[in-house]
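*Asks:* Based on what follows, work out the 3D shape:
(one chain, ligands or ions: 1)
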Amino acid sequence: MKADVRSALAEATRRLGDRIDAEVLLAYALNKPRSWLFAHADDELVPEHLSAYAVLIEQREAGEPVAYITGRRGFWSLDLEVTPETLIPRPETELLVEQALEHLPPDKSCRVLDLGTGSGAIALAIACERPRAQVIATDVSADTLAVAQRNARRHHLANIGFLQGDWFMPLDSCPFDVIVSNPPYIESGDPHLQQGDLRFEPIRALASGSDGLDAIRRIVRDAALHLVPGGWLLFEHGWNQGEAARELLHHAGFVELSTMCDLEQRDRVSAGRWPPCAD
Ligand code: GLN
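*Replies:* The predicted structure is shown next:
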């Protein structure tokens, strides 16, 4: 079979129902940037490239997320390695980075903790934007942490340390100015976990108990032990969990509570401040 770039893309778009997926996979098969495709729409594809592309399209048709097929996903300004051991970074999580940066003056050294770092997306974005910050990233999985470490190395970010363990477990008593997390927060019985891309992602990074709040409860409960007075805790949650998140923060003694909406105007990130010293 003969095909040029344009017709291969048209056929793949028809099969996948998604033009961007078709382009990303063809660029990956050809080992070229996506922009190359537009300048070479009339180029003939050699049979090896056509058959490599056909395999990728079949993987995607079987439901595998594009980020796991290519092993890459962009987040913030960073191109990140992702594997089936890591959650695929989502654009809405950039809101958490933006909000954390509000509490991190660029001219001050400070300590930041990212709990359950996955690919390292949040920790790396903060470390990159705040070179004076010392960032610690934890994850319960050694395989996941290895991916995050490779990402830090590839981006030459030396101001991140990695610790393996469950939430706060691997930490000593040295407190942080800001704690961030994108924990699992989907209800364990949610049928979406059996659908689409979520089926392929690590369940421990997605689901958290019958109301989805187990991890958030744990993080809010223990965060105070690891924050400086006046320090901030910020975390991502589901669109219907803003009120519950603020309630948990309130009961734990946090003040200046707020919930921020993502670009779809849905509750996505809540924050609270550990009270500053009274004097
Ligand atoms: N935002 C993800 C989703 O709903 C879930 C990620 C998470 O649980 N932290 O697909």
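*Asks:* residue ranges with poor pLDDT in this protein?
*Replies:* Low-confidence segments of the chain (pLDDT under 70): 1-2, 278-279.
*Asks:* How about the residues of the stretch 51-200 of the chain by the ligand?
*Replies:* The stretch 51-200 of the chain has residues 90, 182-186, 198 near the ligand, with proximity defined as C-beta under 6 Å from any ligand atom. Using the backbone N, CA and C atoms, a C-beta is placed for each residue, glycine as well.
*Asks:* Now do stretch 123-139: distance from first to last residue.
*Replies:* By C-alpha to C-alpha, to the nearest Å, the extent of stretch 123-139 from end to end equals 12 Å.
*Asks:* which one of the residues of the stretch 51-200 of the chain next to the ligand is nearest Gly272?
*Replies:* Nearest to Gly272 out of those is Pro183 (C-beta to C-beta; 15.0 Å).
*Asks:* just checking, the closest one touches Gly118?
*Replies:* No. Under the criterion of C-beta atoms under 8 Å, Pro183 makes no contact with Gly118, lying 10.2 Å away.
*Asks:* one step back: now which of the residues of the stretch 51-200 of the chain next to the ligand would you call buried?
*Replies:* In terms of neighbour count (16 or more other C-beta atoms under 10 Å), the buried residues within these are 182-186, 198.
*Asks:* biggest separation within those residues, which pair?
*Replies:* Distances among these were taken as C-beta to C-beta; the most separated pair is Pro183 and Leu198, at 15.5 Å.
*Asks:* all helices of the chain, in order?
*Replies:* Counting by DSSP state H, the chain has helices at residues 5-16, 19-30, 34-39, 47-61, 66-70, 94-102, 121-129, 142-154, 214-223, 242-251.
*Asks:* highest average neighbour count across those?
*Replies:* Most buried of the helices of the chain, by mean neighbour count (mean count of other C-beta atoms under 10 Å): helix 121-129, with a mean of 25.
*Asks:* So which elements touch it?
*Replies:* Applying 3 or more C-beta pairs under 8 Å, 6 or more residues apart in numbering; DSSP states H and E, one finds that helix 121-129 contacts strand 78-81, helix 94-102, strand 110-115, strand 133-139, helix 142-154, strand 160-164, strand 176-181.
*Asks:* who wins for proximity to Ala224 among these?
*Replies:* strand 176-181 (9.8 Å).
*Asks:* Tell me the strands beside that closest one, with direction?
*Replies:* strand 110-115 (parallel), strand 227-236 (parallel) (DSSP bridges).
*Asks:* how about Arg132, what does it touch?
*Replies:* Going by C-beta atoms under 8 Å, 6 or more residues apart in numbering, Arg132 touches 106-110, 159.
*Asks:* nope, Val97 is what I was after
*Replies:* Residues near Val97 by C-beta under 8 Å, 6+ apart: 76, 122, 125-126, 129, 180.
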